[in-house]
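>>> give me a 3D structure for the following:
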Amino acid sequence: MRKICLIVDFTIKPGAKTRFLDIIREHASSTLAHEDGCLQFDVCDPAEGENRVFLYEMYANDAAFETHKASPILARTRARYADIIESRDIHICTVLPTREAEETGGASR
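You can find the predicted model right below:
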């Protein structure tokens, strides 16, 4: 069973970062509380990007990721931030096990 990782890169309109962070941090908390398959949801504020925010999300498997994409929580959040972002780049990744985990049949952390 493969884990799915999402890395999302937002560029926020000038002057709207605080509002965006309030919205997206609430979304992260709601997702973790209501979606069993969401293993991790971090909101990252990069040092080099005044108007940038990254999300790092981890889902237990494809089904958990599909549940997230269909979530009313996600739809509401996207509607709330639609007018304050300039762009959003989504990178969907498969989490690869470490060599040690691969060799022993164990899971990566």
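
>>> for Thr18, pull up the helix or strand it's in.
Using DSSP states H and E, Thr18 sits in helix 17-34.

>>> for that helix, the distance to its chain's centre please.
Mean C-alpha position of helix 17-34 versus that of the full chain (C-alpha atoms, centre = their mean, to the nearest Å) differs by 10 Å.

>>> which residues of this structure score low on pLDDT?
Within the chain, the stretches with pLDDT under 70 are 99-109.

>>> strands of the protein, residue ranges please.
Assigned by DSSP state E, the chain shows strands spanning 4-12, 38-44, 52-59, 85-94.

>>> tell me the contacts of the residue lying closest to Phe10 once chain neighbours are set aside?
Spatial nearest neighbour of Phe10, excluding adjacent residues (C-beta to C-beta, 6 or more residues apart in numbering): Val53 at 4.6 Å. C-beta: built from backbone N, CA, C; applies to glycine. Neighbour list for Val53: Phe10, Ile12, Lys17, Phe20, Leu21, Ile24, Val43, Cys44, Asp45, Pro46 [criterion: C-beta atoms under 8 Å, 6 or more residues apart in numbering].

>>> with Arg25 instead?
Contacts of Arg25 (C-beta under 8 Å, 6+ apart): Val43.

>>> change the start of the numbering to 246 and stick with it
Done: numbering now begins at 246, and the last item shifts to Arg270.

>>> and it, how far is that from Arg264?
11 Å (C-beta to C-beta, to the nearest Å).

>>> repeat that for Ser275.
From Ser275 to Arg264 the distance is 17 Å (C-beta to C-beta).

>>> Lys248 now?
According to C-beta to C-beta, Lys248 stands 31 Å off from Arg264.
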